[in-house]
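Q: This is a predicted model, with the sequence first.
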Amino acid sequence: MDRFAGLEIFVRVVELGSFSRTAAEFSINQSTVSKQISLLEEQAQSKLLLRTTRRLSLTDAGERFYEHAKQILERYALALGDSASIRQSPSGTLRIASPILLGRKQITPLLPRFFERYPKITVEHYLSDSASDLIRDGIDVSIRVGDMQDSSHQARKLGAFQPITVASPAFAERHPELRHPCDLRSVPCLIYLRQPTPFQWAFCGDDGKRIIVEVTGQYRVDVFEALCDAAVAGLGVLRAPLSACGEDLRSGRLVRLLPEFDADVIPIYAVMPASSWIPHKTRVMVDFLIEEFRTNPWLNGLGDEGHG
């Protein structure tokens with residue numbers, strides 16, 4: 001096994017915190033991982049890792065070695081990547097993470113066009129409403145909604161969510177009193193249980209200040225598509241991203257309520273591990289999503305849904 005492979009193993013052991021998980025990732029024996037670490041420690045003439053039955057930790061020398069090893073691997077990958085990208089089309093397995101609703105409604109339908117353009121790329125798509133750890137989980141690009149909190153990663157903006165309020169035409173006719181967000185307290189609302197605060201809906205007042213309204217309703221569910229169906233059926237008011245119900249608005253199955261109180265758009269980012277080099281397969285996926293999202297009327301923040 002060459003020295004670069006040994007450095008890769010060391011870096012992943014540190015990032016995963018596990019010899020066994022690293023061995024599984026590289027499809028090698030755990031004893032091979034241990035031998036590679038011992039060989040590096042022998043070459044460095046220092047103890048790099050402290051191992052107990054419960055956890056791994058870096059020594060001071062290990063901390064410095066880890067940072068240098070990452071830089072070496074990034075420069076090596078940069079050299080290989082630039083050379084390979086000139087000679088061949090992007091290939092390999094690309095690991096994407098995204099929120100469930102966004103992944104199912106907006107990313108998966110795009111993949112046939114992506115695979116037609118890049119037939120040598122295989123996509124592993126991990127859908128979860130919990131943010132993934134890019135390094136620990138080996139994710140190439142994570143699609144995240146909301147303002148960026150972690151400046152240690154690279155990010156590119158893809159588009160934006162527009163939160164809106166909708167109901168069926170029949171429901172809206174039965175409740176003409178819905179003129180202000182506070183009026184929602186007296187009508188049944190459809191509750192998405194996966195939200196951090198499912199019973200608190202946020203709006204924007206005339207003065208730009210946030211309006212938080214406590215809502216309730218008899219129908220509460222953890223699969224968003226079911227909420228859209230419930231809104232079309234007239235079970236209550238739904239607070240949803242425009243991207244989730246734009247087609248229902250366009251067809252007239254839903255109408256928009258309280259548009260003058262809509263909150264600001266919420267940005268959508270493609271987040272990648274901090275590195276001086278982004279793999280070709282990752283670059284083409286992010287470029288593809290930017291291109292597709294910007295032509296999608298439900299995701300470009302322009303609100304081109306047609307009002308009901």
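A: Yep, that arrived.
Q: all strands for this protein, in order.
A: 49-51, 56-58, 92-98, 121-127, 141-145, 154-161, 163-167, 191-192, 200-204, 210-214, 220-221, 238-241, 255-257, 266-272 (DSSP state E).
Q: Give me whichever of the ones you listed is most buried.
A: strand 238-241 (a mean of 26; mean count of other CB atoms under 10 Å). For the C-beta atoms, the positions are set from N, CA and C on the backbone; glycine is no exception.
Q: what lines up beside that one in the sheet?
A: strand 163-167 (antiparallel) (DSSP bridges).
Q: For Asn29, find the nearest of the strands of the chain.
A: Asn29 lies closest, by CB to CB, to one member of these: strand 49-51, at 16.9 Å.
Q: Could I get the buried residue list for stretch 38-45?
A: Leu40, Glu41 (16 or more other CB atoms under 10 Å).
Q: chain center to it, what's the gap?
A: In terms of CA atoms, centre = their mean, to the nearest Å, the centre of stretch 38-45 is found 38 Å from the chain centre.
Q: of the strands of the chain, which approaches Thr108 most closely?
A: That would be strand 121-127 among these, by CB to CB, at 7.2 Å.
Q: Let me see the mean pLDDT of the closest one.
A: Per-residue pLDDT over strand 121-127 has a mean of 94.
Q: and Val187, how far is that from Trp201?
A: Val187 sits 12 Å away from Trp201, going by CB to CB, to the nearest Å.
Q: re earlier: dump the strands of the chain to JSON lines, plus distance to Ile135.
A: Listed next are the strands of the chain as JSON lines, based on distance: least, CB to CB, whole Å:
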{"stretch": "strand 49-51", "distance to Ile135": "17"}
{"stretch": "strand 56-58", "distance to Ile135": "14"}
{"stretch": "strand 92-98", "distance to Ile135": "12"}
{"stretch": "strand 121-127", "distance to Ile135": "14"}
{"stretch": "strand 141-145", "distance to Ile135": "11"}
{"stretch": "strand 154-161", "distance to Ile135": "13"}
{"stretch": "strand 163-167", "distance to Ile135": "31"}
{"stretch": "strand 191-192", "distance to Ile135": "30"}
{"stretch": "strand 200-204", "distance to Ile135": "32"}
{"stretch": "strand 210-214", "distance to Ile135": "34"}
{"stretch": "strand 220-221", "distance to Ile135": "33"}
{"stretch": "strand 238-241", "distance to Ile135": "29"}
{"stretch": "strand 255-257", "distance to Ile135": "41"}
{"stretch": "strand 266-272", "distance to Ile135": "11"}
